[in-house]
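A.B. asks: With the sequence up front, the predicted model follows.
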Amino acid sequence: MYKNSMLLFLFSLVTFSSFSQEKFTLSGTISDTKNKETLIGVNIYVVEAKASLTTNEYGFYSVTLPAGEYTILTSYLGFQETEDQINLNQNIKKNFFLSENSQQLLEVVITDNKKRAEIRKPEMSVNKLSIQTVKQMPVILGEVDILKSILTLPGVTNAGEGQSGFNVRGGSADQNLVLLDEATIYNSSHLFGFFSVFNADAIKDLKLYKGGIPARFGGRLSSVLDIYQKEGNKNGFHMNGGIGLISSRLLAEGPINKGKGSFLVAGRGSYAHLFLKLSDNPNSAYFYDLNTKLSYELNQKNNLFLSGYFGRDVFNINESFVNTYGNAVVNLRWNHLFSDKLFSNFSMIYSDYYYGLKLDFIGFNWDSGIKNYNIKYDFKHYLTDKLKLSYGVNAQYYDFNPGKIEPLNANSSINEFQLDKKFALEPALYFDVDQKITSNFSINYGLRYSMFYRLGQQTINTYANNQAVTWNNDFKIYEKATATGTRYYGSNAVIANFDNLEPRVAMSYSFNDNQSIKASYNRMAQYLHLISNTQSPTPLDVWAPSDNFLKPQTLDQVAFGYFQNFKEDKYSLEVETFYKKIKNRLDYIDGADLIANNAIEQVVLNGNARAYGFEVLFKKNEGKFNGWISYTLSRTEQQTTGRTAEELGINNGNWYKTGFDKTHNISIVSTYELNQKWKFGSIFTLQTGQPVTYPNGKYEYQGILIPSYGLRNENRLPTYHHLDVSATYTPKPEKKKGWQSEWVFSVYNLYGRKNAASISFRQNEDTATNEAVKLSIFGIVPSVSYNFKF
């Protein structure tokens, strides 16, 4: 009887409390006053409730609080902070508009509220760069490059000058998920790595996840580079562009139907090949790309977006060798508000990567590529000011074309041949919880369940003991196995299937508004493989799906970090350490032939990889002189052991350095505003040389000296370093309307460092001795570009 009375009392108390603490929801969007472009990641701080939140990828926010009067502070990089008073006595829809700072300073101006949000949020191993900051960095050949800018962040490297792709925490380039408006970009570089495919004029926001990756992302192991395009100006028609020595660009944007919608079109192209033709040089290399976006507000609860990208590279040697490659993506998105607490986004996405090769001197065309069809539906549920749910589903269908050979004409001796096409389906579902446990402790946890179905139509080889690679015990080497037969799978028949549970968790404990410690764990699965034996991606590389021989890669990563802001937020420090291990990392047998190989399983083995390291990022955030110093100490290794006691494995079964291992990586980025007309910037980069395998001996065969090699990657190229500087001159900084312009002068590799792209060995024709030959791509590269807008 006593127990029942107590329960009734407690129930009554909770009920009374809930009624007395009636809650309402404040929601809306935050946009740029000038062009009504929604802003991603705006920091919102409710002073009385000590609640902090940020806008999502579409500028939407929602917070539920007890009835009362509140002070709402908003802050965003490059914009003026706002303060509003809200009497929350009912559900309120409030759209905020932020104005740009009157002076476009280079420094990252971050208010107390923004720092408080960053310190307390359970988000780590994440780097954000504003487009304003990216555009102030020194660049090569006068072109702003987003990929080159992220190389200045801790844990991010690449294979060297003129190399495409990037490596994150020791991962390979194919382990990075690169998204442009949610669409997958398979090759992120133009001209074999000299430029990136991203036109900075058309980009609104970018974020790099190196760890603690949210459950909504999947399909890659190492990182997610999430990039969003601008929506276009809803207030009026504007244009901007730039003219450089090698390339130029132009962007146009404006409203549709009196500001209910907007459009954006941006084009870019290079023209250095035209100067070669003037000098009767028959060779050429150039690129062009096009960014487009349409947005339209149907009503207050529904918005449509249609975005696209198309890019091509052409490399032509006297018309006898013509290489054409590039990406094409289209994405149709529908935003819908079910309520002021439930936001949804439905997307239909098409991605295509094409690679073509014309070999006139042999007499055939070669075409290959990958197509990706993706449907996804994502929800964000803002339950309370302390609890937010994210959940969704998606399904991706892949169409792989490993290669097709066609004769150029009827007289060619080449027969038409199609390597087996491959198909796959990758569905997934996920949920993510963002929860504030106490005022000092926050946690984000989630789970992704991914599935993968390798589909027919295809004829598959069968092998003895199901092993496509055999061990030759006499020569102690791996060799291709001979197929014992074949098995035919009809259209959409399941050849192999896999599934993985991928838990994610990140947590933050703040000692105060300026100090916190964080920890994260994430498990990732990757079902696609880039078949390549180079250190950086090339257009000739082929994507392949997991099957009975190419097993899915899985990663487990843990990270710990310490974060501090001091001197009234003038300086910030981020220190992280990480460890990750990978299962089923592809390794290649010695002498593997990867090009036009219809049985790629005969030259690959499944191994393991691991990476661990220590990262430091120190930033000066305010003042005329600012920037950051990043340093990474890390090790990345791979191991492929023997499958039986008699097999030695690759590299005798020992761990060896991968081609992405860079023990030391230092970047020093600085910007200085002399006055309103002149701004200066510099970047110093130093990296440990790339691991390589040099000859350790030689033998003579029929009068020819043949080099012999030792263990894999036991040598290194020389240390890589260079200094880049830039100066930006604005003739009329006070002019805010009409034609506005600036000149950007830059010098890449100021002191002319001859960094080694590779070192090869040959026999000297005069002395008959072996000699090492270093290949360097760049010396000093000056450039100038003229930027304008109106």
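C.D. replies: Arrived safely, thanks for sending.

A.B. asks: count of neighbours near the closest residue to residue 373 other than its chain neighbours?
C.D. replies: The shortest distance from residue 373 to any residue that is not its chain neighbour, by CB to CB, 6 or more residues apart in numbering, is 4.5 Å, and that residue is residue 397. For glycine as for every other residue, the C-beta is placed from the backbone atoms N, C-alpha and C. Here the count is done by other CB atoms under 10 Å, and residue 397 has 16 residues near it.

A.B. asks: quick one: residue 397 and residue 550, what's the gap?
C.D. replies: Per CB to CB, to the nearest Å, residue 397 is found 19 Å from residue 550.

A.B. asks: likewise residue 270?
C.D. replies: Taking CB to CB as the measure, residue 270 falls 36 Å from residue 550.

A.B. asks: out of these two, which sits in the busier spot?
C.D. replies: residue 270 (25 against 22).

A.B. asks: so the more buried one touches residue 284, yeah?
C.D. replies: No - using CB atoms under 8 Å, residue 270 and residue 284 do not qualify as a contacting pair, with a distance of 10.0 Å.

A.B. asks: quick revisit: which residues sit in contact with the residue nearest to residue 373?
C.D. replies: Going by CB atoms under 8 Å, 6 or more residues apart in numbering, residue 397 touches 372-374, 423-426.

A.B. asks: do that again at 10 Å, thanks
C.D. replies: The contact partners of residue 397, taken as CB atoms under 10 Å, 6 or more residues apart in numbering, are 371-375, 423-427, 453, 455.

A.B. asks: Provide the partner residues of the closest residue to residue 705 other than its chain neighbours in its beta bridges.
C.D. replies: Counting by CB to CB, 6+ apart, residue 705 lies nearest to residue 698, which is 5.1 Å off, once chain neighbours are set aside. Partner residues in beta bridges with residue 698, using DSSP bridges, are residue 707.

A.B. asks: Please report the number of neighbouring residues for residue 698.
C.D. replies: 12.

A.B. asks: Check residue 591 too.
C.D. replies: For residue 591, the tally of surrounding residues (other CB under 10 Å) stands at 10.

A.B. asks: what's the distance between it and residue 475?
C.D. replies: Taking CB to CB as the measure, residue 591 falls 12 Å from residue 475.

A.B. asks: cool, and residue 374?
C.D. replies: Taking CB to CB as the criterion, residue 374 is separated from residue 475 by 46 Å.

A.B. asks: With residue 361 instead?
C.D. replies: From residue 361 over to residue 475 the distance is 36 Å, taken as CB to CB.

A.B. asks: re earlier: show me whatever sits in contact with both of residue 270 and residue 284.
C.D. replies: Common contacts of residue 270 and residue 284, defined by CB under 10 Å, 6+ apart, comprise residue 314.

A.B. asks: Could you grab the helix/strand/coil label for residue 659?
C.D. replies: Taking DSSP: H, G, I helix; E, B strand; the rest coil as the rule, one finds residue 659 in the coil state.

A.B. asks: With residue 556 instead?
C.D. replies: Note that with three-state DSSP, the state of residue 556 is strand.

A.B. asks: That one bridge partners, please.
C.D. replies: residue 523, residue 581.

A.B. asks: wait, isn't it in contact with residue 521?
C.D. replies: Yes - with contact defined as CB atoms under 10 Å, residue 556 counts as touching residue 521 (7.5 Å).

A.B. asks: returning to that earlier point: residue 152: which of the contacts of residue 397 is nearest?
C.D. replies: residue 372 (30.2 Å; CB to CB).

A.B. asks: Can you list the strands that the helix or strand containing the closest one pairs with?
C.D. replies: Assigned by DSSP states H and E, residue 372 belongs to strand 364-382. The sheet places strand 364-382 alongside strand 342-359 (antiparallel), strand 387-407 (antiparallel), with pairing taken from DSSP bridges.

A.B. asks: May I have the first one as CSV, with CA atoms only?
C.D. replies: Right, strand 342-359. As requested, C-alpha coordinates have been extracted for strand 342-359 and formatted as CSV (Å, rounded to 0.1, in the frame of the first residue of the first chain):
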residue,chain,number,x,y,z
LEU,A,342,11.5,17.0,-38.1
PHE,A,343,13.6,17.9,-41.2
SER,A,344,14.0,15.5,-44.2
ASN,A,345,16.0,15.4,-47.4
PHE,A,346,15.3,13.0,-50.3
SER,A,347,18.0,12.7,-53.0
MET,A,348,18.4,10.9,-56.3
ILE,A,349,22.0,11.0,-57.4
TYR,A,350,23.9,9.9,-60.5
SER,A,351,27.7,9.7,-60.6
ASP,A,352,29.8,8.7,-63.6
TYR,A,353,33.5,8.4,-64.0
TYR,A,354,34.8,7.9,-67.6
TYR,A,355,38.2,7.0,-68.9
GLY,A,356,39.0,6.8,-72.6
LEU,A,357,42.1,6.1,-74.5
LYS,A,358,42.8,6.4,-78.2
LEU,A,359,45.9,4.7,-79.5
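
A.B. asks: which of the residues in that strand are buried?
C.D. replies: Of the residues in strand 342-359, those buried by neighbour count under the rule 16 or more other CB atoms under 10 Å are 343, 345, 347, 349-359.

A.B. asks: Save those as JSON lines, and put in pLDDT and distance to residue 586 too.
C.D. replies: Listed next are the buried residues of strand 342-359 as JSON lines, based on pLDDT from 0 to 100; distance: CB to CB, whole Å:
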{"residue": "343", "pLDDT": "96", "distance to residue 586": "39"}
{"residue": "345", "pLDDT": "96", "distance to residue 586": "34"}
{"residue": "347", "pLDDT": "97", "distance to residue 586": "30"}
{"residue": "349", "pLDDT": "98", "distance to residue 586": "27"}
{"residue": "350", "pLDDT": "97", "distance to residue 586": "27"}
{"residue": "351", "pLDDT": "97", "distance to residue 586": "22"}
{"residue": "352", "pLDDT": "96", "distance to residue 586": "24"}
{"residue": "353", "pLDDT": "95", "distance to residue 586": "19"}
{"residue": "354", "pLDDT": "93", "distance to residue 586": "23"}
{"residue": "355", "pLDDT": "91", "distance to residue 586": "20"}
{"residue": "356", "pLDDT": "89", "distance to residue 586": "25"}
{"residue": "357", "pLDDT": "87", "distance to residue 586": "24"}
{"residue": "358", "pLDDT": "86", "distance to residue 586": "30"}
{"residue": "359", "pLDDT": "84", "distance to residue 586": "28"}
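
A.B. asks: okay if I get those as a markdown table plus distance to residue 77?
C.D. replies: As requested, the buried residues of strand 342-359 are exported to a markdown table (distance: CB to CB, whole Å):
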| residue | distance to residue 77 |
| --- | --- |
| 343 | 23 |
| 345 | 24 |
| 347 | 27 |
| 349 | 28 |
| 350 | 32 |
| 351 | 30 |
| 352 | 34 |
| 353 | 33 |
| 354 | 37 |
| 355 | 38 |
| 356 | 41 |
| 357 | 44 |
| 358 | 46 |
| 359 | 49 |
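
A.B. asks: All good on my end, thank you.
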